[in-house]
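J.: Fold the following and give me the result.
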Amino acid sequence: MSEKIRVGAVSYLNTKPLLHGLSISEVIGQITLSVDYPSKLAHQLRNNEIDLALLPVAAIPEIPNARIISDYGIASDGNVVSVAVFSQVPMEQIEKVYLDYQSRTSVRLAQVLLKEHWKRDVQLIAADEDYISKIGGTTAGVIIGDRALKHLGDFAYSYDLSAAWKAFTGLDFIFAAWVANKELPEAFVADFNAGNAAGLAALDRVIADNPYPHYSLLTYYTDNIKFYLDVRKKAGLERFLSLI
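T.: Residues are numbered from 1 along each chain as shown. Sure, this is the predicted structure:
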């Protein structure tokens, strides 16, 4: 493939190690890299505006010829910290839940867990941009990514969706994977995997380049986020896609 492969990703803290790895490895010369919202990436991949995306996994079924091409992604085994239902009252008292507009995977996971795990019949509200300020009383909200880390201490209750998924299924969870909409050359895939691995080998550099006062990035990158998609994580993905 002589033309550069068009790659899309999000620019959240959880993707920084992978993106850093791509930037310092040989594969950078083979790609053009753009960043956008997770939901926008799905739209671009579906419309063939990009060839490969770090895609929220809930969008995989709607991508023609979708295939996971890398051994790396954004996953968890228990507490992920940055994807949670935040509330000022305990789960049994929640009546309404705002759903973060930035990621359909987290929204679908929240819907599955509210219904099947917590057995709650709540009103689900599509969140607007300032929905976090409206969380209070019996109204909760799903907050994801960097904003979740920032708001960790602001609410009386935090229900980690990855930990709840583990309690519900016994399985790990994949939030996003590198998904292509076409066959890609084996040599490119090998270089791409090596690029991802290079980022994980340079966590000290990534942390130094992204000072963050709200949460320890070392803890986040080594305890909360699991970047390697092993068999247990793929089993969790299979179960999740069957439920949605």
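J.: need the longest strand for the chain.
T.: The longest strand of the chain (DSSP state E) is strand 67-76.
J.: pLDDT on that strand, on average?
T.: The average pLDDT within strand 67-76 is 96.
J.: who does that strand touch, helix- and strand-wise?
T.: Applying 3 or more CB pairs under 8 Å, 6 or more residues apart in numbering; DSSP states H and E, we find strand 67-76 packed against strand 52-56, strand 173-180, helix 186-200, strand 226-228. Backbone N, C-alpha and C define where each C-beta goes, glycine included.
J.: Among those, single out whichever gets nearest to Ala127.
T.: Ala127 lies closest to strand 52-56 among the helices and strands packed on strand 67-76, at 15.8 Å (CB to CB).
J.: residues making contact with the closest one?
T.: With contacts defined as CB atoms under 8 Å, 6 or more residues apart in numbering, strand 52-56 is touched by 5-10, 15, 18, 31, 38-39, 41-42, 44-45, 63, 69, 73-74, 103-106, 175-181, 184.
J.: quick one: the worst-scoring helix or strand of the chain on mean pLDDT to strand 173-180, angle?
T.: The least trusted helix or strand in the chain, going by mean pLDDT, DSSP states H and E, turns out to be helix 38-46, with a mean of 88. Note on geometry: by axes from the mean of the first three to the mean of the last three CA atoms, to 10 degrees, helix 38-46 and strand 173-180 are set 30 degrees apart in direction.
J.: Only C-alpha atoms, please: export helix 38-46 in CSV.
T.: This file holds the C-alpha atoms of helix 38-46, laid out as CSV (Å, rounded to 0.1, in the frame of the first residue of the first chain):
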residue,chain,number,x,y,z
PRO,A,38,-15.0,8.7,19.7
SER,A,39,-18.5,8.9,18.0
LYS,A,40,-17.0,11.0,15.2
LEU,A,41,-14.3,8.3,14.6
ALA,A,42,-17.1,5.7,14.0
HIS,A,43,-18.7,8.0,11.5
GLN,A,44,-15.4,8.5,9.7
LEU,A,45,-14.6,4.8,9.6
ARG,A,46,-18.1,3.9,8.4
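J.: any idea how this structure splits into domains?
T.: 5-76+172-243, 83-169 (automatic domain parsing).
J.: mind putting those domains in a markdown table, mean neighbour count included?
T.: Converted to a markdown table, those look like this (neighbours: other CB atoms under 10 Å):
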| stretch | mean neighbour count |
| --- | --- |
| domain 5-76+172-243 | 18 |
| domain 83-169 | 18 |
